[in-house]
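**Student:** Here is a sequence together with a model predicted from it:
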Amino acid sequence: MYAELYELSNNNMDLIPVISRILQKFNYPKENIEQRSELIIHSIDSLIHRHTFYGEIVDTDEELAEYITELFLKFVGFDK
């Protein structure tokens with residue numbers, strides 16, 4: 001089980017280049033892009049795991065997706 005979770009965690013790190021490109025589009029300072037990308041990935045991953053394994057954060061998965069999207073937009077500096 002730990003090996004599977006570790007592999008899943010490593011796969012999440014494959015998203016760093018994608019998140020980094022998004023941050024670049026929002027003119028995020030280049031020296032902080034990789035660190036911020038990792039923080040975003042770990043934050044989203046933590047929310048999903050908390051919601052799934054320890055009790056719902058919100059009532060539905062759709063609400064969680066909306067919440068995570070809103071959080072991501074705040075991370076990149078785009079507030080509604």
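**Tutor:** Cool, the structure landed. Residues are numbered from 1 along each chain as shown.

**Student:** and E70, how far is that from E34?
**Tutor:** Separation of E70 from E34 (CB to CB, to the nearest Å): 23 Å. The C-beta positions use only the backbone N, C-alpha and C, and glycine is treated the same way.

**Student:** Could I get the CA-only coordinates of the lengthiest helix in the chain as PDB?
**Tutor:** Counting by DSSP state H, the longest helix found in the chain is helix 33-49. These are the backbone C-alpha positions of helix 33-49, laid out as PDB (Å, rounded to 0.1, in the frame of the first residue of the first chain):
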ATOM      1  CA  ILE A  33       7.900  29.000  -9.700                       C
ATOM      2  CA  GLU A  34       9.000  25.500  -8.900                       C
ATOM      3  CA  GLN A  35       8.600  25.900  -5.100                       C
ATOM      4  CA  ARG A  36       5.100  27.400  -5.600                       C
ATOM      5  CA  SER A  37       4.200  24.600  -8.000                       C
ATOM      6  CA  GLU A  38       5.100  22.000  -5.400                       C
ATOM      7  CA  LEU A  39       3.100  23.800  -2.800                       C
ATOM      8  CA  ILE A  40       0.100  23.900  -5.000                       C
ATOM      9  CA  ILE A  41       0.300  20.200  -5.800                       C
ATOM     10  CA  HIS A  42       0.800  19.200  -2.200                       C
ATOM     11  CA  SER A  43      -2.100  21.500  -1.000                       C
ATOM     12  CA  ILE A  44      -4.500  20.100  -3.600                       C
ATOM     13  CA  ASP A  45      -3.400  16.500  -2.900                       C
ATOM     14  CA  SER A  46      -3.900  17.100   0.900                       C
ATOM     15  CA  LEU A  47      -7.400  18.400   0.400                       C
ATOM     16  CA  ILE A  48      -8.400  15.500  -1.800                       C
ATOM     17  CA  HIS A  49      -6.900  12.900   0.700                       C
END
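
**Student:** in the protein, which helix or strand is least confident?
**Tutor:** Counting by mean pLDDT, DSSP states H and E, the chain has its least confident helix or strand at helix 2-13, which shows a mean of 62.
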